[in-house]
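Peer 1: Mind looking at a prediction? Sequence and model below.
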Amino acid sequence: MTPAEAIAMLDGQLAEHGEDCILRRKEGSPLVDKDVTVRALVRGLRAEDIVGTATQAWSKVVITMTQVMAGGWPSGHVLAPGAADPRIPRTNDFLTVKGKQRQIMFADPISIDGTVVRVNLTVAG
């Protein structure tokens, strides 16, 4: 499976079964919100997922980079060789789900042949 095929397949599933959420990064001084609407699949944690500090108020989320890249999120960043991709959501970014802002606790980008095809997030709140 090529990266493009994997992204197209997941985008189709998210279009059919997902929901619109707002991905937000707060940056700068004073803080400025940088937002993009993404299609996401949001599911609560299962009993076996609740370990350590995780609670039932946490959720697992799946997104692709399709809307992130199309929206130029977050604006003003340059991709430097060898540096972390600033477009990948990170800890302390936020995801608004059904009107409730939730903090991203963990982001796990999944790649095929060096292309991010999916990002698994854990959000709290």
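Peer 2: Sure thing, it's come through.
Peer 1: quick one, strands of this structure?
Peer 2: Using DSSP state E, the strands of the chain run over residues 19-27, 32-44, 59-63, 94-97, 100-112, 115-124.
Peer 1: Of all those, which one is nearest Leu10?
Peer 2: strand 115-124 (5.7 Å; Cβ to Cβ). The C-beta positions use only the backbone N, C-alpha and C, and glycine is treated the same way.
Peer 1: For that closest one, buried residues please.
Peer 2: Residues 116-119, 121-123 are the ones in strand 115-124 that count as buried (16 or more other Cβ atoms under 10 Å).
Peer 1: Check those residues and tell me the two furthest apart.
Peer 2: For these, and using Cβ to Cβ, no pair is farther apart than Val117 and Val123, which are 20.0 Å apart.
Peer 1: Burial check on Glu19, number of neighbours?
Peer 2: 12 (other Cβ atoms under 10 Å).
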